[in-house]
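*Asks:* need a 3D model of the sequence below.
(one chain, ligands or ions: 1)
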Amino acid sequence: MAASFILFGSAFSYASPYKGNNQKVFFPKKKPVTQTETVQGKEKSGQMTKDNKAPEKSEQKKNEAVLKLNVGLLTGQHSVVIEADGEIVVRDMTSGKVLNKFSKKNTVNFTYKSRQLCINGKAISAKKVVVETESEAITVSGDEYRGEIVLLNGSNGITVVNRVTLEDYVKGVVGTEMSPDWPAEALKAQAVAARTFSLYTKNEGKHYGDGYDICATTHCQVYGGTEDESPTVTKAVDDTCGQILTYGGEPIYAAFHTDSGGRTAACREVWGGELAYLASVSDPVGSPSRHWQVILTGEQIAAKLKAAGKDVGTLKKITLSSLNLSKAGSGDRYASGRPAKIVFTGSSRSITINGTQARSIFGLKSALFDFGNGRKENDMTVKNGQKIVIDGYGFGHGLGLSQWGAKAMSAKNDYKEILNHYYTGVNITKLY
Ligand SMILES: [Zn+2]
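*Replies:* Alright, predicted model coming up:
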């Protein structure tokens, strides 16, 4: 699907996958543990039954089928075209009653008129219908999905939801986040992270009011249905079937990003709160374009600060210690080297922001950066018309798994080692 291919590219080189989530974080009730208290690589060896036997294959299949996700595809639609190779059955979801059956090779038009759902032009009283087919996939306005399609009579049109097993869902996610050509262990790490993130989001219930568990855009996680599946991704998902990352027995907020720039960020550096499993860890190998530069004049910096409601007048001085990863963690920089405090002094006042705020205000690829090349002093005087180099590293918020780092690690490590490196003190738990 066109939209997801655009986003596919963006996952490699642009924004964080979770830019919509940054303000809302779940904090585990359990006491946060420090890095020294955690057990790296500790893992449950599959879920056992009461008799301490591994579940039978059929039981595994059953559990897998039970865990379904409602993925919001579209909202506010006035026309939705559904096609399938096999018979299409439309049911009222509330009563379970079959409303329509369409024989093979059929196309069904759903429209929204006078606040009512219509099937092929005929209004129905049902507010929520499920469209099922016996064929492997179902097409919604040209894009193909597994599972069923649920149509909701929303306040301003039809809401389209794909009800799909968690495993099939993850098969449509991993390829939008990581190239299917990448090593198998990196794809497996991404599959476990994406599966975990979707369960976390479902549990958090942030789209509950919209009528689904998770949306299919960068707000939650990009999902493209069958078109974004590929044999290597499917294998990575099958090889890690049912595995998620847990901390304190709960699915973690499995954040990931393109390239940390050298060290991942700790939770507090980006969100200001604590999630012990999102600690700052080393990430030596990144993307080929890890190092970046942006050049702005003092006037441009002042204008961007003003637009963000932080007017300092004419910019006179920037105060920030120079970036030195080996000395990070003291003074005005966090442990990862990202700025904790940057002071902009102007003709009317001074303001202080951190690296994440600066990233957003100046539109930077990451929050791991420095002002000016090779300066020694913390204070940098800004003269009229002066060009200021912002010299930075990496891409994305820097939390959790670094995709390029995972790729590099996969040369020597398996996906469990990759996940245990980027998520501190977590367990890899098999749900089914
Ligand atoms: Zn969302």
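*Asks:* doesn't Lys412 belong to a strand?
*Replies:* No. Membership of Lys412 in a strand is not supported by DSSP: H, G, I helix; E, B strand; the rest coil, which gives coil.
*Asks:* distance of whichever residue of the stretch 301-432 of the chain sits closest to the ion relative to Ile252?
*Replies:* Proximity of the stretch 301-432 of the chain to the ion (C-beta to the ion) peaks at His397, 16.2 Å away. Yep, even glycine has a C-beta here, placed from its N, CA and C like the rest. As for His397, its distance to Ile252 is 16 Å (criterion: C-beta to C-beta, to the nearest Å).
*Asks:* next: Ala84.
*Replies:* Using C-beta to C-beta, Ala84 is found at 37 Å from Ile252.
*Asks:* in this structure, what spans have low per-residue confidence?
*Replies:* Applying pLDDT under 70 to the chain picks out residues 1-65, 104-105, 328, 373-374.
*Asks:* for the longest helix along it, list the C-alpha coordinates in CSV.
*Replies:* If you go by DSSP state H, the chain has its longest helix at helix 184-204. Taking Å, rounded to 0.1, in the frame of the first residue of the first chain, the C-alpha atoms of helix 184-204 are listed here in CSV:
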residue,chain,number,x,y,z
ALA,A,184,17.3,-12.9,10.5
GLU,A,185,18.3,-12.2,14.1
ALA,A,186,17.6,-8.5,13.6
LEU,A,187,14.2,-9.2,12.1
LYS,A,188,13.4,-11.6,15.0
ALA,A,189,14.4,-8.9,17.5
GLN,A,190,12.1,-6.4,15.7
ALA,A,191,9.3,-9.0,15.6
VAL,A,192,9.4,-9.5,19.4
ALA,A,193,9.6,-5.8,20.0
ALA,A,194,6.6,-5.1,17.7
ARG,A,195,4.5,-7.9,19.2
THR,A,196,5.3,-6.5,22.7
PHE,A,197,4.5,-3.0,21.7
SER,A,198,1.1,-3.9,20.3
LEU,A,199,0.1,-5.8,23.5
TYR,A,200,1.3,-2.9,25.6
THR,A,201,-0.8,-0.5,23.5
LYS,A,202,-3.8,-2.7,23.7
ASN,A,203,-3.5,-3.0,27.5
GLU,A,204,-3.1,0.8,27.8
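*Asks:* which helices and strands does whichever helix or strand comes after that helix pack with?
*Replies:* Using DSSP states H and E, the helix or strand that follows helix 184-204 in sequence is strand 214-215. For strand 214-215, the packing partners by 3 or more C-beta pairs under 8 Å, 6 or more residues apart in numbering; DSSP states H and E come out as strand 68-77, helix 184-204.
*Asks:* right, and the ones you listed - which one's nearest Asn153?
*Replies:* Nearest to Asn153 among the helices and strands packed on strand 214-215 is strand 68-77 (11.0 Å), distances taken as C-beta to C-beta.
*Asks:* coming back round to it: what angle do the longest helix of the chain and strand 68-77 make?
*Replies:* 70 degrees (axes from the mean of the first three to the mean of the last three C-alpha atoms, to 10 degrees).
*Asks:* buried residues, helix 184-204. List them.
*Replies:* 185-202, 204 (16 or more other C-beta atoms under 10 Å).
*Asks:* now stretch 292-306
*Replies:* Neighbour-count burial for stretch 292-306 [16+ other C-beta under 10 Å]: 292, 296, 298, 301-302, 304-305.
*Asks:* for that stretch, list the C-alpha coordinates in CSV.
*Replies:* The C-alpha atoms that make up stretch 292-306 are tabulated as CSV, following Å, rounded to 0.1, in the frame of the first residue of the first chain:
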residue,chain,number,x,y,z
TRP,A,292,24.6,14.7,10.5
GLN,A,293,24.9,18.5,10.5
VAL,A,294,22.3,21.3,10.3
ILE,A,295,23.4,24.9,9.9
LEU,A,296,21.2,27.7,11.3
THR,A,297,21.9,31.4,11.8
GLY,A,298,21.4,32.9,15.3
GLU,A,299,18.3,34.7,13.8
GLN,A,300,16.8,31.4,12.6
ILE,A,301,17.4,29.8,16.1
ALA,A,302,15.7,32.8,17.8
ALA,A,303,12.8,32.6,15.4
LYS,A,304,12.3,28.9,16.0
LEU,A,305,12.4,29.4,19.7
LYS,A,306,9.9,32.2,19.4
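*Asks:* what residues does the stretch 101-250 of the chain have near the ion?
*Replies:* Residues of the stretch 101-250 of the chain lying close to the ion by C-beta under 5 Å from the ion are 215, 219-220.
*Asks:* kindly recompute the last result at 8 Å.
*Replies:* Contact residues (C-beta under 8 Å from the ion) of the stretch 101-250 of the chain with the ion: 201, 206-207, 214-215, 217, 219-221.
*Asks:* just the buried residues of the residues you listed.
*Replies:* 201, 206-207, 214-215, 219-221.
*Asks:* what would these look like in a markdown table with distance to Ile418?
*Replies:* Listed next are those as a markdown table, based on distance: C-beta to C-beta, whole Å:
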| residue | distance to Ile418 |
| --- | --- |
| Thr201 | 22 |
| Lys206 | 28 |
| His207 | 29 |
| Ile214 | 24 |
| Cys215 | 27 |
| His219 | 26 |
| Cys220 | 23 |
| Gln221 | 19 |
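*Asks:* from these, pick the one nearest Ile342.
*Replies:* So of those, ranked by how close each gets to Ile342 (C-beta to C-beta), first place is His219, at 28.2 Å.
*Asks:* the strands in the stretch 51-200 of the chain, which residues?
*Replies:* Ranges of strands in the stretch 51-200 of the chain, per DSSP state E, counting those that start in this stretch, are 68-77, 79-84, 88-92, 98-102, 106-113, 116-119, 122-124, 128-133, 138-140, 143-145, 148-154, 157-165.
*Asks:* sounds good, over and out.
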